[in-house]
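# Need a 3D model of the following:
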Amino acid sequence: MLIPRTRYPKFAMYIRHPLLGRVDVTSYVDSWEFKRGDVGGIGTGGSGADSVVSILTFTLRNSGQNLYAWDANAEVDETRQIDESKEIPDSMPAKDFFAYLFGVDPELQIESFSPRANAWWNEGEPLLDDSRKVELWESEEGELKLRCIMLINEVKPDKSRVKVTALDPAQILQRAYILDKKTYGTEEGTPAETVIQQIIVENAPDFVSLDEITSTESFDIDTNPQTFTLQHEPISLLSVSVTNVSLTSRELSPAEYTVNGNQITINIPEDPLSMFGVTFVYTKPLDFFYCPVPSQFMITPYEVQYKTVWEAIQDIATQRGWYLGFKMVNGEWKLSFLEPPRSKTTPDWTLTADDDIYTQDLTISAKDVRNLIKITYRDKSTGKRESVIVEDKASQARHGLMAMEIEEADTSNIDTEEEALRMANSALHDLSSQTATTNINMPLFMDIDLFDIIAVENQFLSSTVDLFAVDSVSHSWSKGKMRTDLICSGKVVGGKKRWLMKETRAGRSEPITRGDIAPEQIDTDRLGTGATTTEKIAERAITEEEVFQFQTDGFDTTNSETPVLIPNYSLEFTLNNTSIVFLNGVLTVKLDRGSGAFGLSSDVQGIIEWELYKDGILAESLWRGIASHSVLEEGLSFGLVTSLSFSKALLLQAGNYQVKATFCTGFPSAHPSVVGVGNRSIHAIILKR
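Prediction:
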């Protein structure tokens with residue numbers, strides 16, 4: 001589409017006052033600049049799609065109208081009396097009348113936008129205050145367009161002007177902090193766009209009111225099971241309840257219904273003829289959230305804590321390689337979750353030599369180029385850390401091999417080869433070429449936005465039609481000058497800094513392979529030779545835990561010289577997937593020489609061995625321990641009380657497992673011994689993968 005050569009846009013700016021409502025400040029605006037990415041920040045990572053949060057800066061000049069004002073703290077002499085005989089002519093100016101009435105002359109002032117100024121727009125509360133809503137509108141040939149809705153972030157008063165900085169509504173999400181641990185996603189997987197909205201709803205009450213998005217729908221029950229279609233796909237289902245003909249309600253358990261998009265199927269034990277109806281209470285999709293196509297990125301259970309809401313939802317967007325930020329969508333300012341059109345080549349706008357445009361090559365640098373991407377992740381089907389590699393041969397031929405490795409955490413939602421390849425290819429596309437190539441300075445045209453393609457037909461600069469993809473855009477207005485400034489490259493990219501921040505970099509020395517692993521997951525495929533572990537496992541790493549514990553005042557004993565099973569000592573657990581399991585066993589052992597031992601001195605010994613069975617078959621010996629003692633007195637009393645224990649981390653395949661233990665004496669019958677086992681326990685901790 002050709003950009004109109006002659007344009008005469010006009011602009012209006014409004015600021016919302018909590019008491020006065022919408023205040024028109026258009027006539028006081030000296031200048032403004034609206035940045036959809038920091039055009040001047042090339043190479044700093046703060047530009048374009050990497051910046052995400054839009055910035056509006058504007059300057060208001062104080063009113064030039066002289067006003068008479070009295071000091072609000074001034075005091076009038078209480079003994080002063082007004083002359084009743086004094087005549088007040090109709091022509092007396094109001095300021096002279098009040099001066100006579102107060103006995104104090106006023107000061108000459110100018111109305112100021114300073115928050116402390118005595119101006120009508122500061123009535124009750126200052127107009128320019130934190131988080132006040134700012135609207136920028138454009139009008140041309142009678143068509144009115146909303147260009148942005150921003151929130152005041154900073155106010156800098158001066159003698160004659162006030163400079164204001166405002167951010168888009170992401171400011172609220174940047175201030176909302178997730179302090180308590182919360183879990184999102186499901187075992188079956190929840191779409192990323194749904195999880196993003198759940199995080200916002202649950203943790204940013206200043207951003208969205210739960211009352212405004214809660215919906216209640218009721219239906220008659222005719223059959224069982226029965227499927228109901230809601231008006232919206234629930235962000236979260238708050239409750240499902242049924243009511244019988246006696247008007248008694250019962251809330252259903254999750255096992256009694258299934259959810260598929262906006263369709264919910266209930267399966268209840270009651271006779272449907274005895275039921276009056278069913279009621280669904282749920283949170284509906286956010287009106288300001290825009291996701292044009294399903295992300296097909298399914299979020300499995302993961303925990304969020306100690307980060308802002310904005311950080312939490314941007315983490316999801318980065319793992320998917322999508323853009324998440326505020327954009328104008330059909331005249332509305334919406335939080336948009338979308339895939340950058342990386343394969344786009346069709347121009348959205350065309351500039352010709354007749355337009356007032358300037359193009360300028362920027363500094364060319366390949367320092368951020370990466371043309372081989374390796375991503376390592378933990379595969380949910382195997383439980384092992386796997387890697388995928390993608391590369392751009394053309395970029396390697398031009399810049400040489402410039403590799404990059406990304407290590408995804410074991411708790412990352414990147415847990416399949418398909419997702420890892422999608423992420424790797426997105427990063428390769430965004431990083432395989434130079435940061436930026438061209439700056440286009442042109443007449444103000446606010447319809448241009450990030451990811452647009454610009455075709456430039458200018459025979460004075462090039463013999464061909466050159467295509468440019470918009471990386472960053474800034475629109476500015478001041479008296480006598482209206483311009484749009486673009487930073488462009490040869491293709492649409494989704495961002496660079498977000499990938500570079502995830503890059504794994506070399507350390508200063510060889511990794512430490514001995515001693516305690518920091519309190520995270522214990523990964524057998526991460527341990528070097530001779531590495532040891534402790535029981536320091538982070539709480540968030542545990543999926544489930546099985547415990548066997550047996551307390552007794554007595555002892556189960558044996559004098560067998562061959563291993564026999566210890567009674568009352570067995571733990572069973574089932575694995576549905578390959579998992580890392582941390583096993584720990586503890587028991588109390590008591591020893592003495594048995595009946596028939598001779599002499600005043602004899603040694604006694606007991607052998608304990610823990611064993612792991614899979615599907616009823618011995619899989620491996622876990623640990624073998626020996627307790628020994630020298631008994632110097634005759635008699636049958638036990639001579640030693642001690643304990644034996646073991647700890648071991650194993651990578652186990654799916655199956656049914658059982659941990660048992662055996663005990664026996666350790667010397668031949670010439671020195672008969674008795675081995676007793678008292679209190680005992682086994683712990684099995686199954687780690688999240």
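
# Which positions in stretch 134-149 come out as buried?
For stretch 134-149, the neighbour count (16 or more other Cβ atoms under 10 Å) marks Val134, Glu135, Leu136, Glu138, Arg147, Cys148, Ile149 as buried. Every C-beta, even on glycine, is put in place using the N, C-alpha and C of the backbone.

# worst-scoring helix or strand of this structure, pLDDT-wise?
Using mean pLDDT, DSSP states H and E, helix 48-51 stands out as the lowest-scoring helix or strand of the chain, at a mean of 44.

# Can you name the element that comes right after that one?
As assigned by DSSP states H and E, the chain's next helix or strand after helix 48-51 is strand 55-61.

# who does that next one pair up with?
strand 29-36 (antiparallel), strand 161-167 (antiparallel) (DSSP bridges).

# nearest to Phe58, of those strands?
With Cβ to Cβ, the closest approach to Phe58 among the strands paired with strand 55-61 belongs to strand 29-36: 3.8 Å.

# Next, the residues that contact the closest one from outside, please.
Strand 29-36 has contacts (Cβ atoms under 8 Å, 6 or more residues apart in numbering) with 11, 13, 48, 51, 54-61, 136, 147-148, 161, 446, 449-450, 472-479.

# pLDDT below threshold where in the stretch 1-150 of the chain?
Along the stretch 1-150 of the chain, the model assigns pLDDT under 70 to residues 1-6, 37-52, 63-74, 76-77, 80, 95, 106-112, 116-118.

# All the helices of it, residue numbers only.
Using DSSP state H, counting those that start in this stretch, the helices found in the stretch 1-150 of the chain span residues 48-51, 94-102.

# Run through the strands of the stretch 101-250 of the chain in chain order.
107-110, 133-140, 143-157, 161-167, 177-178, 182-184, 190-191, 214-219, 226-229, 236-244, 249-251 (DSSP state E, counting those that start in this stretch).

# who wins for proximity to Thr557 among the ones you listed?
strand 182-184 (47.3 Å).

# Just the buried positions in the closest one, please.
Buried residues in strand 182-184 (16+ other Cβ under 10 Å): Tyr184.

# Give me the sheet partners of it and which way each runs.
Going by DSSP bridges, the partners of strand 182-184 are strand 302-304 (antiparallel).

# Next SSE downstream of the partner strand?
Taking DSSP H and E, what comes next after strand 302-304 is strand 307-308.

# and that next one, what other elements does it pack with?
helix 170-175, strand 177-178 (3 or more Cβ pairs under 8 Å, 6 or more residues apart in numbering; DSSP states H and E).

# what does it contact?
By Cβ under 8 Å, 6+ apart, strand 307-308 touches Leu173, Gln174, Arg175, Ala176, Tyr177, Ile178, Asp315.

# quick one: which two of those are the most distant?
Going by Cβ to Cβ, the pair spanning the contacts of strand 307-308 furthest: Arg175 and Asp315, at 17.4 Å.

# For the two, work out which one has more neighbours and name it.
Asp315 (18 against 14; other Cβ atoms under 10 Å).

# Scan the protein for its longest helix.
Secondary structure of the chain read by DSSP state H shows that its longest helix is helix 417-431.

# any idea of the mean pLDDT for that helix?
Here helix 417-431 scores 86 as its mean pLDDT.

# for stretch 650-668, same thing?
87.

# now do stretch 341-354
83.

# still on that earlier bit, of the strands of the stretch 101-250 of the chain, which approaches Glu391 most closely?
Comparing the strands of the stretch 101-250 of the chain under Cβ to Cβ, the one sitting nearest is strand 190-191, at 30.5 Å.

# neighbouring contacts of the closest one?
Tyr184, Pro294, Ser295, Gln296, Phe297, Met298, Ile299.

# what about the stretch 551-689 of the chain, any weak spots by pLDDT?
594-603, 630-639, 667-672, 688-689.

# now the strands: where do they sit in it?
556-558, 564-575, 579-593, 602-614, 617-631, 640-652, 655-665, 673-687.

# before we move on, what about the stretch 351-500 of the chain?
According to DSSP E, counting those that start in this stretch, the strands that the stretch 351-500 of the chain contains are 358-361, 372-378, 385-391, 403-407, 438-443, 453-457, 466-478, 481-489.

# May I have the longest one exported as CSV, CA atoms only?
Coordinates of each C-alpha in strand 466-478 appear next as CSV, following Å, rounded to 0.1, in the frame of the first residue of the first chain:
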residue,chain,number,x,y,z
ASP,A,466,14.5,-2.5,-1.7
LEU,A,467,12.6,-4.3,1.0
PHE,A,468,13.1,-3.5,4.7
ALA,A,469,11.7,-5.2,7.8
VAL,A,470,10.9,-2.9,10.7
ASP,A,471,12.9,-3.8,13.8
SER,A,472,12.2,-0.6,15.8
VAL,A,473,9.9,2.4,15.2
SER,A,474,9.6,5.8,16.8
HIS,A,475,7.0,8.5,16.0
SER,A,476,7.6,12.1,17.1
TRP,A,477,5.7,15.4,16.9
SER,A,478,6.8,19.0,17.8
